[in-house]
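In: for reference, the sequence and a predicted model appear below.
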Amino acid sequence: MNIFKPILNKDYNSSFNNLKYHLKQIEKRQFQTTINKIFKEDERIMHNADVLIIGLGNLGGKILEQLCRESRVSKIIVSTTRKDYGKKKVNTEKAGANQLGYHPDVKIEKINLLDSVEKIGEKLRNINPKIIVNTASMITPWIKTSLPDETLEPLYQVSGLGPWIALQLRLVYRLMSAIKLSKIDSKVINASYADAVNPALKSINLSPLAGGGNLDNIATMARLIVAKDRKIKPRDIQIFLVQHYYNNRWLSCGFLEKRYCKKPAPFYLKILVESNDITDQYDSLKLLMKTGCGINRVDGPPGDSITASSFVKHILAILHDTNIFTHVPGPNGLIGGYPVHLGKNYAELALPNDISQEEAFKINLEGQRRGGIQNITKKGEIIFTDSVYETQKKIFNFDCKSFFVNDVNEVADEQMAKIKETIKRFK
């Protein structure tokens, strides 16, 4: 080999130094080859985005708006199937952030959760975000607005969001399946009925880490109301709330529109002011009722700002591992909502000493049943209450007492087809 030729020279010192130089060059090349091989074999060690937002509807758009004004997030990717709208929305939020001195790095990547799991997984692997926020769902407001109130009224009387779980679950199921296939380690925050969807996915080991909004909104409003009442700073108040999403529905359109039962599902509420328990100084139910949409805050899409803030708070907690105290629906696949400490890889329950995890679970289980789901088994079977089963069959001719999570694609298609047939009858 040419590198050994200098050894034949008479100037042995020069030859030796020459040899050392060439050996070092070989070492460097071998090291670089090894590094290149490592990166080629496992490009997943490089995250190409801090946050991926899937779905750019009202909630997804508000999350994007707030993240664009957040200096602690470096790169955002949004996924929407509406290319033209997505481009305009991203440009709008980047311009708005720029007005305030922020320069967010935002890109669009089309990910259709109805594509094959393999295709979704490949796109996710290429992006490999640290956090994925799912706001996509098959259930949309047109279902409610396309049918007369009296047609859906019997369903309102016996349930909350439970009857629609197949439509809430399907896209998240495909997302989580794709994440597992791609072998990325992204943490997922799910906005699609996390109180029930997350535990359903847990039954097949696909649960997101957390949800957002829901009881977190209620706890935040309760803190503000108590702070105003006592003329103190909200930061001096700590709220502990355990409840299922059913109560959010009851608060937003239950007692206001005289739908659902007269009382909410069971809940647990504790109020501390500078570590002093003042819970018994308040009527918990009356306080809960003051937190609802349409009472002390706006309802509908404009009210999603508080929900978006909850998600951004959770994104930052996971992204920077800040171990915050917050309220989370579906933490680690648990039924309902709980107070937790949230960080990069965990959502640990933060229950006060006077309530056990078992008691908190029972509270949420009753809320789930009020919402229309009798049980979610460890084998992944979602069982509707008898009243929901009979009512759905009567209204939509949708004959489904239960289904398994792995069958959600077929069940969601069937339910949507039955809904469309029902809507046609009223046109």
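Out: Looks like it arrived, so ask away.

In: which parts of the helix or strand containing Ser177 are buried?
Out: When elements are assigned from DSSP states H and E, Ser177 belongs to helix 165-182. Buried positions in helix 165-182, judged by neighbour count with 16 or more other CB atoms under 10 Å: 165-179, 182. C-beta: built from backbone N, CA, C; applies to glycine.

In: any weak-confidence spans in the stretch 101-250 of the chain?
Out: 141-142 (pLDDT under 70).

In: show the contacting residues for Tyr282.
Out: By CB atoms under 8 Å, 6 or more residues apart in numbering, the contact set of Tyr282 is Val226, Ile271.

In: picking that back up, and which of the buried residues of helix 165-182 is nearest Gln374?
Out: Ile165 (11.7 Å; CB to CB).

In: so what's the closest residue to that closest one other than its chain neighbours up against?
Out: Closest residue to Ile165 apart from its sequence neighbours, by CB to CB, 6 or more residues apart in numbering: Ala196 at 5.6 Å. Residues in contact with Ala196 (CB under 8 Å, 6+ apart) are Leu161, Gly162, Ile165, Gln168, Tyr245, Gly330, Ile335, Gln368, Gly371, Ile373, Ile376.

In: quick check: of those, which has the highest neighbour count?
Out: Of all those, Gly330 has the most neighbours under the rule other CB atoms under 10 Å, reaching 32 neighbours.

In: still on that earlier bit, quick one: the residue nearest to Ile165 from Leu224, how far?
Out: 28 Å (CB to CB, to the nearest Å).

In: dump the helix holding Ser177 to PDB, keeping only the CA atoms.
Out: What follows is helix 165-182, C-alpha atoms only, in PDB (Å, rounded to 0.1, in the frame of the first residue of the first chain):
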ATOM      1  CA  ILE A 165     -66.900   7.200  20.300                       C
ATOM      2  CA  ALA A 166     -66.200   5.200  17.100                       C
ATOM      3  CA  LEU A 167     -66.100   8.400  15.100                       C
ATOM      4  CA  GLN A 168     -63.800  10.000  17.700                       C
ATOM      5  CA  LEU A 169     -61.600   6.900  18.000                       C
ATOM      6  CA  ARG A 170     -61.000   5.900  14.400                       C
ATOM      7  CA  LEU A 171     -58.400   8.500  13.300                       C
ATOM      8  CA  VAL A 172     -56.500   8.400  16.600                       C
ATOM      9  CA  TYR A 173     -56.400   4.600  16.400                       C
ATOM     10  CA  ARG A 174     -54.800   4.900  13.000                       C
ATOM     11  CA  LEU A 175     -52.400   7.500  14.200                       C
ATOM     12  CA  MET A 176     -51.200   5.500  17.200                       C
ATOM     13  CA  SER A 177     -50.900   2.400  15.000                       C
ATOM     14  CA  ALA A 178     -48.700   4.300  12.600                       C
ATOM     15  CA  ILE A 179     -46.500   5.600  15.400                       C
ATOM     16  CA  LYS A 180     -46.000   2.100  16.700                       C
ATOM     17  CA  LEU A 181     -45.100   0.900  13.200                       C
ATOM     18  CA  SER A 182     -42.700   3.800  12.600                       C
END
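
In: okay, angle between the helix or strand hosting Ala412 and helix 165-182 too, please.
Out: Using DSSP H and E, Ala412 maps to helix 408-425. Here the directions of helix 408-425 and helix 165-182 differ by 150 degrees (axes from the mean of the first three to the mean of the last three CA atoms, to 10 degrees).

In: now helix 408-425: buried residues?
Out: So helix 408-425, judged by 16+ other CB under 10 Å, has buried residues Val408, Val411, Ala412, Glu414, Gln415, Met416, Lys418, Ile419, Thr422.

In: what packs against it?
Out: Applying 3 or more CB pairs under 8 Å, 6 or more residues apart in numbering; DSSP states H and E, one finds that helix 408-425 makes contact with helix 165-182, helix 386-396.

In: of all those helices, which lies closest to Pro301?
Out: Comparing the helices and strands packed on helix 408-425 by CB to CB, helix 165-182 comes nearest, at 18.1 Å.

In: and the helices and strands packed on helix 408-425: which comes nearest Val133?
Out: Counting by CB to CB, and looking across all of the helices and strands packed on helix 408-425, nearest comes helix 165-182 at 10.8 Å.

In: just how off-centre is the next helix-or-strand element following the closest one within its chain?
Out: Sequence order places strand 187-190 as the next helix or strand after helix 165-182, per DSSP H and E. Using CA atoms, centre = their mean, to the nearest Å, the mean C-alpha position of strand 187-190 is found 5 Å from that of the whole chain.

In: do stretch 325-343 as well
Out: 11 Å.

In: tell me the buried residues in it?
Out: Those would be 326-343, for stretch 325-343 by 16+ other CB under 10 Å.

In: and Lys107, its phi and psi?
Out: Dihedral angles of Lys107 (phi, psi; degrees, to the nearest 10) stand at phi -130, psi 160.

In: same question but for Ile54, I mixed them up
Out: On the backbone of Ile54 - angles per degrees, to the nearest 10 - the values are phi -100, psi 120.

In: and it, how far from Trp164?
Out: Counting by CB to CB, the gap from Ile54 to Trp164 is 19 Å.

In: between those two, which one's more packed in?
Out: Ile54 (26 against 22).

In: and the more buried one, what are its bridge partners?
Out: For Ile54, the beta-bridge partners under DSSP bridges are Ser79, Asn134.

In: close enough to count as contact, it and Ser79?
Out: Yes. In this structure Ile54 lies within contact range of Ser79 using CB atoms under 8 Å: 4.7 Å.

In: residues in contact with Gln238?
Out: So Gln238 contacts Arg223, Ile271, Leu272, Phe325 (CB under 8 Å, 6+ apart).
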